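**Student:** Would you be able to build a 3D model of this:
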Amino acid sequence: MLSIGVTQRFWPVLNPFRAISGSECEKLRAEQAWWSSTRGIAVERRRQRERELARDLAMQNVRRLPSFIRLAEIRCYSAMVELGVSSVRQLHKTLWDHPKLLSVTVNFCDDSLPLGCNDDAPSTIAMMPTRAEFSSVFEELLSQTVAAISHPYDDFKHYTRHKMRKFLEVSGDSAGVASNAVERTLVYDQRFAAASEGIFRKLSTDLANAHELAERQLVEYRRIYEYGQGWDEEQFVAKMKSITAQDPEGKSVDAAALQREMALMSEFAYKVERLKPVQSVGVLSVEARKVKQLLTPIP
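**Tutor:** Numbers count the residues shown, from 1 in each chain. As a prediction, the model looks like this:
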């Protein structure tokens, strides 16, 4: 009974279907409108704060953009410089590790021959290409290598500066782009200079050794060459006919002298046969085929 009495006592409060008066309805509507307006203001304030934070973050990014671009340029610049140094070092290593990589042709120093004389061989031996020509070719090779490595960095820098020019102008960093930065750096890089000097020193040493070898080994063949240049076939045939003549009075040639000459010719033929047409001196392949062609066939 007590529970029933309590339930009945609070029934008007707990009953959801009880009638609501007009004043209460207006009050509820006012409360609902207040909560709606308050929630809308809060949402708008939150959105405003988010917009302000996004704008501040964007401005910070704009201010940081020049630093980021400079960092990217520095990374690209450093990579290109290292590529230039490693390239010339690899070329230097290749010259040491690969014999017969380059070829030179030797010949007798004679104005009547195709090679003629040059500064590398002022006495008896001519070499082609000459030392000056080798130096010129490798200088051009290094120059073109440096230029090829420098251009991508310049293009990258110009491209990024052009694409980001508006942001850079806003941030106050609209400086121009200096060209050939990598090339100018490599010129003064000690590692690049040391490797380049090693290349030219290697070439100079091997060319000097090749010339010395040719001078030493071809000196005796110079005698054969000069003998062949002064040899007269008609005179030699006349000597042979004189030796084989039936009339003793017609033998105007010393048989012993002719025999010595023929023995000398046999000796020359043997030496020409033993002449190596190609020899290796460091990075150079010394070609003596032209010399052998001048001596073969020997008269």
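
**Student:** use CA for all of it now, contacts and neighbours both
**Tutor:** Fine.

**Student:** Summarise which helices and strands the lengthiest helix in the chain is packed against.
**Tutor:** Using DSSP state H, we find that the single longest helix of the chain is helix 22-97. With contacts defined as 3 or more Cα pairs under 8 Å, 6 or more residues apart in numbering; DSSP states H and E, the packing partners of helix 22-97 are helix 131-163, helix 165-171, helix 181-188, helix 190-230.

**Student:** Which one of those lies nearest to Glu50?
**Tutor:** Across the helices and strands packed on helix 22-97, Glu50 has its closest neighbour in helix 165-171 (22.8 Å, Cα to Cα).

**Student:** Tabulate the helices and strands packed on helix 22-97 (CSV), appending mean neighbour count and mean pLDDT.
**Tutor:** Converted to CSV, those look like this (neighbours: other Cα atoms under 10 Å; pLDDT from 0 to 100):
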stretch, mean neighbour count, mean pLDDT
helix 131-163, 15, 86
helix 165-171, 15, 62
helix 181-188, 16, 88
helix 190-230, 17, 88
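
**Student:** Turn those helices into CSV, including distance to Val283.
**Tutor:** Formatted as CSV, the helices and strands packed on helix 22-97 follow (distance: least, Cα to Cα, whole Å):
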stretch, distance to Val283
helix 131-163, 12
helix 165-171, 51
helix 181-188, 26
helix 190-230, 7
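
**Student:** To Tyr270, which of the ones you listed lies closest?
**Tutor:** Taking Cα to Cα, helix 190-230 is the member of these nearest to Tyr270, at 11.2 Å.

**Student:** helices or strands next to the closest one in the packing?
**Tutor:** helix 22-97, strand 125-128, helix 131-163, helix 181-188, helix 255-274, strand 278-281, strand 284-287, helix 289-295.

**Student:** Just want the angle from that helix to helix 131-163.
**Tutor:** Angle of helix 190-230 versus helix 131-163, following axes from the mean of the first three to the mean of the last three Cα atoms, to 10 degrees, is 150 degrees.

**Student:** pLDDT weak spots in the stretch 1-150 of the chain?
**Tutor:** Residue ranges of the stretch 1-150 of the chain with pLDDT under 70: 1-22, 24, 30-42, 110-123.

**Student:** hey, which strand is longest across this structure?
**Tutor:** Assignment by DSSP state E gives strand 102-108 as the longest strand of the chain.

**Student:** Sheet-wise, list the partners of that one with their directions.
**Tutor:** strand 125-128 (antiparallel), strand 284-287 (parallel) (DSSP bridges).
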